[in-house]
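**Q** sequence isn't available, so here's the structure alone:
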């Protein structure tokens, strides 16, 4: 058994790698920071292959697929991504475009290419890491929220297509709330509520994927928040989100 994890050098991706290694999977670890991947590989007791790619580059996404595809690849985790905070009118355009390429384009390319192989074999698992942000609009993190909406809705649509085919391939979306990772440092924010432990999030994610759940929302408090969201008028949600996001600004 073999699994590929993008963004495996830290946070949720690193913890998913540890969780899958504990289950006996050989790993393909993907990120830009090779030194961190090497340190993780030395820690794990399973065979690890390290691939250093910048997934904001579409051509490198295609190169990754060509190098990683194999008949014994069973799981692909699209985890690489980042955020940024601030008013849309003033945030850096080039950084936002890099975010869209990483959070959206890379997930789209890798999902499409690996799904093709999985469908031919009629087996395999795809986990796309979205966010609780994927359920709504996000003033002051407008682009990040939009990218996670894309990931979530793409995953749900593909899953329905697979259901109509009668395919045994599984695709799931992970939608955590705040998690204790490097995310807030990269996005230059601070969480307004305590973040979930990344190890716990990864454990729930892997268990949910292997149980073939469509949308995995770790934590009872976040599940309750998602239930409350469904009862809230759409026009009111951005107003609430704005005030939540405003408290995150450093």
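**A** Received it, and whenever you're ready, just let me know what you need. Keep in mind that this is a model prediction, so the values were computed, not measured.
**Q** center of the chain, which residue is that?
**A** In the chain, the C-alpha nearest the mean C-alpha coordinate belongs to residue 129, at 1.9 Å (C-alpha atoms, centre = their mean).
**Q** and it, how far from residue 53?
**A** For residue 129, the distance to residue 53 equals 17 Å [C-beta to C-beta, to the nearest Å]. Using the backbone N, CA and C atoms, a C-beta is placed for each residue, glycine as well.
**Q** in this structure residue 212 contacts residue 169, no?
**A** No: here residue 212 lies out of contact with residue 169, judged by C-beta atoms under 8 Å, at a distance of 10.1 Å.
**Q** so residue 9 lies in a strand, does it not?
**A** No: under DSSP: H, G, I helix; E, B strand; the rest coil, residue 9 sits outside any strand and is assigned coil.
**Q** mind listing what's buried along stretch 67-82?
**A** Applying a neighbour-count criterion of 16 or more other C-beta atoms under 10 Å, the buried positions in stretch 67-82 are 68, 73-82.
**Q** from those, pick the one nearest residue 89.
**A** Proximity to residue 89 was ranked across the buried residues of stretch 67-82 by C-beta to C-beta; first place goes to residue 82, at 20.5 Å.
**Q** quick check, the residue nearest to the centre of the chain in contact with residue 77.
**A** Yes: the pair residue 129 and residue 77 passes the contact test of C-beta under 8 Å, sitting 7.1 Å apart.
**Q** can you give me the helices in the protein?
**A** Across the chain, reading from the start of the chain, the helices by DSSP state H fall at 11-22, 34-43, 58-68, 93-100, 106-121, 142-165, 183-187, 198-210, 220-230, 237-246.
**Q** and the longest one with helix 93-100, angle?
**A** Interaxial angle of helix 142-165 relative to helix 93-100 (axes from the mean of the first three to the mean of the last three C-alpha atoms, to 10 degrees): 20 degrees.
**Q** next, the angle helix 106-121 makes with helix 142-165.
**A** Calculated by the same axes, to 10 degrees, helix 142-165 forms an angle of 10 degrees with helix 106-121.
**Q** can you pull out the low-pLDDT segments for the chain?
**A** Per-residue confidence of the chain (counting by pLDDT under 70) places the weak regions at 181-194, 219-250.
**Q** could you redo the last one with a cut-off of 90?
**A** Residues of the chain that meet the criterion pLDDT under 90 lie in 135-137, 177-196, 219-250.
**Q** give the contact list for the residue nearest to the centre of the chain.
**A** Neighbouring residues of residue 129 by C-beta atoms under 8 Å, 6 or more residues apart in numbering: 7, 12-13, 77-79, 81, 151, 173-174, 205.
**Q** can you add distance to residue 107 and give the buried residues of stretch 67-82 back as JSON lines?
**A** Below are these laid out as JSON lines (distance: C-beta to C-beta, whole Å):
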{"residue": "68", "distance to residue 107": "15"}
{"residue": "73", "distance to residue 107": "17"}
{"residue": "74", "distance to residue 107": "19"}
{"residue": "75", "distance to residue 107": "15"}
{"residue": "76", "distance to residue 107": "10"}
{"residue": "77", "distance to residue 107": "11"}
{"residue": "78", "distance to residue 107": "5"}
{"residue": "79", "distance to residue 107": "9"}
{"residue": "80", "distance to residue 107": "8"}
{"residue": "81", "distance to residue 107": "8"}
{"residue": "82", "distance to residue 107": "13"}
